[in-house]
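> Sequence and computational prediction follow.
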Amino acid sequence: MAALTPAGPMAPMTPPAIAAEPGGKAGRPRRIRVWRGVVLLVAAVYFLVPLIASFTFTVKDSSKGFTLDAYGQILSAEGFGKSLLLSLGLGVATIVVVLLLTLPAMLAVRLGLPKLKPILEILCTLPLVVPPITFVAGITTILQWGPDHLADTPFFQTIIAAQNPDFPVVLVLAYVILALPFVYRALDAGLGALDARTLVEAARNLGASWPHLLFRVIVPNLRSALASASFLTLALVLGEFTIASLLHYQTFPVWIYTISGSQAQVSVAVSVFSLLITWLLLLALSSAGARQRSGS
Amino acid sequence: MTVQSPVHTAPAAAGGGSRPKKSKSWLATVPLLAFVVLVFGVPLVIILGGTFSREGTLSAANVTDSLQGAYLTALLGSVKLSALVAVVGALLGTFLAQAVVTSRFRLLREAVLTASGVLSNFGGIPLAFAWIATLGNSGVVTSALGLDSAGWSLYNFWGLALVYLYFSIPLMVVVVVPALDGLRPQWREAAQNNGANTWQYWRHVGIPVLTPTLLGGVVLLFGGAFAAYATAAAMVGGTVPLVTLQIANALSGNVLIGHENVALALSLDMIVVAGLVMAVYLPLQRRSARWLR
């Protein structure tokens, strides 16, 4: 610009309309840039301050100033390992059950039963409409009512076995329902990007059996969709509080809540820690998805 | 030429083979359908049946109970809080998304989108504790700014709204970014060529195209805030009337003898409210899907 201004004769030659245009354009982006900067700054403050503050909360010490003791105490806190293992076990069981239920069904619908697709979609979306707390209200009622009325039937034993505190199957059943909408959407996107019919027909013509086809052809091609469904399910189970606490099981979030009364710093430290784990899980997921996209 | 003949027979073979396959594909859907009906359907039927029975007889007393006094206050409190969070969260989320989408820095965009994906899943107990450590009575920011002497408290309606926005705004960003990306620059250029200013462009082109997505986002945010229990339970206990806290209370036995089914009636109220709101969302999502391509 500085080099151009001395060329005096050029200025009058530019038509006023064009001269006004760059001026207007320069003015608007600057206003937008300021506006955008303010929005981003406010957002950064709102979203980062609680994260930084919770970390500060866990490391500040009235006498020493800075200490990582709270994080050291996590491992030795009573019930930490047991509740975390319980939550991880429930997560793995939920992933296995939900994938075994949805994948064959969705594949079959895509291949030969397109009429069933809307029904499946509605069934798998319904759990979003029903808040978990109402779901658990129904479950508790069954669990209380069952033993009174089914005492002489095999159902009684089943209901008792499902409530085993070491591994509450009833939670797995509930979590499968909660995870259905997310798993359905992830797998639906994955199957949509796949020419499932061609793959299936090719494999069948080459003599592959159905289990072989499912595990050696479909599953490897759906790797990223399956991974995303599994990660989302795991994150859901690791964070689920409502159902576990109202059914009185000591899963990981329930344990954090229980210790908060006596060890506030440790409970916040665990919260920060669990956020970091979720963050890493989802980061791994999104980078895997990006690699898949750039690869194909 | 000889190679072509097996290719020609292949579709026929596949067509013939698809008949027995069809009966098999029916079977593959049975476990899922049976599971959903049994594990999800039966509790819903129990809620419905329990709501309309008191001490073994058919009665609407539970519904009437659940719609008066403290229960009604709680239901309205939940609706108010969720509506506030949904509208404010949708507005702020859209502004943030627009700021990110129009930015030239790819890295900023990726970072905000990834962070939004993570934070929209950040809920429950850890969220409550992070905010208690920040703005609670002995929180870091509270003591640093001396807010406690100024009468600040996180443990009320507005504090809860502030905390709920922490996962609602990122969720809105996730929902609205694809739609903002779908606003083609050509539309803006066409509007400008026809003499429209920025306001007119948004009023007549941008907002109408975005409306289904925006309303869908509001509904999604409403549902999330309406169903939230863990955060509220850890933060405010019983001081803010919310229907989820009342249900938990009733399930834990804090009800009059013989009125245990009020928890089920409250659950039914919640499902009806959430269902009505979600019923708006599903057709809208289908409409907005057109713009997301």
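Nice, thanks for sending it over.

> going forward, measure contacts between C-alpha atoms and count neighbours the same way
Will do.

> Taking the centroid of chain A, which residue is nearest it?
residue A:232 (3.3 Å; C-alpha atoms, centre = their mean).

> ok, it touching residue A:182?
Yes - with contacts counted by C-alpha atoms under 8 Å, residue A:232 reaches residue A:182, the gap being 7.1 Å.

> quick one: residue B:103 and residue A:192, what's the gap?
Computed with C-alpha to C-alpha, to the nearest Å, the distance linking residue B:103 and residue A:192 is 31 Å.

> Number of residues surrounding residue B:29?
Neighbours of residue B:29 under the rule other C-alpha atoms under 10 Å in any protein chain shown: 22.

> Show me where chain B has its helices.
Under the criterion DSSP state H, chain B carries helices at the ranges B:4-35, B:42-51, B:61-66, B:69-101, B:106-119, B:124-135, B:140-145, B:157-182, B:185-193, B:198-201, B:207-227, B:230-235, B:243-251, B:262-289.

> Out of those helices, which gets the lowest mean score?
When these are compared on mean pLDDT, helix B:4-35 scores lowest, with a mean of 58.

> Would you pull up the residue in the stretch 151-296 of chain A closest to chain B?
Among residues of the stretch 151-296 of chain A, the one nearest chain B by C-alpha to the nearest C-alpha turns out to be residue A:271. It sits 4.5 Å away.

> Can you tell me the element that residue falls in?
helix A:264-295 (DSSP states H and E).

> and that helix, average pLDDT?
Taken as a whole, helix A:264-295 has an average pLDDT of 74.

> and residue A:45, how many neighbours?
10.

> Next one: it, what pLDDT does it get?
With respect to pLDDT, residue A:45 has a value of 90.

> ok, it to chain B distance?
Counting by C-alpha to the nearest C-alpha, to the nearest Å, the separation of residue A:45 from chain B is 12 Å.

> helix/strand/coil for that residue?
For residue A:45, the secondary structure call by DSSP: H, G, I helix; E, B strand; the rest coil comes out as helix.

> what's it in contact with, if anything?
For residue A:45, the contact set (C-alpha atoms under 8 Å, 6 or more residues apart in numbering or on different chains) is empty.

> that older thread, count the neighbours of the residue of the stretch 151-296 of chain A closest to chain B for me.
Other residues within reach of residue A:271 by the criterion other C-alpha under 10 Å amount to 23.

> Pick the most deeply packed of the helices of chain B.
Neighbour counts averaged per stretch over these are highest for helix B:124-135, at a mean of 26; criterion: mean count of other C-alpha atoms under 10 Å in any protein chain shown.

> Only alpha carbons, please: show that helix as PDB.
In PDB, the C-alpha atoms belonging to helix B:124-135 read as follows (Å, rounded to 0.1, in the frame of the first residue of the first chain):
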ATOM      1  CA  GLY B 124     -22.500 -36.200  35.800                       C
ATOM      2  CA  ILE B 125     -20.400 -36.200  39.000                       C
ATOM      3  CA  PRO B 126     -17.100 -35.000  37.700                       C
ATOM      4  CA  LEU B 127     -18.700 -31.900  36.100                       C
ATOM      5  CA  ALA B 128     -20.400 -31.000  39.400                       C
ATOM      6  CA  PHE B 129     -17.100 -31.400  41.300                       C
ATOM      7  CA  ALA B 130     -15.100 -29.300  38.800                       C
ATOM      8  CA  TRP B 131     -17.600 -26.400  39.300                       C
ATOM      9  CA  ILE B 132     -17.700 -26.800  43.100                       C
ATOM     10  CA  ALA B 133     -13.900 -26.600  43.100                       C
ATOM     11  CA  THR B 134     -14.100 -23.500  40.900                       C
ATOM     12  CA  LEU B 135     -17.100 -21.500  42.200                       C
END
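
> Many thanks, I have nothing further to ask.
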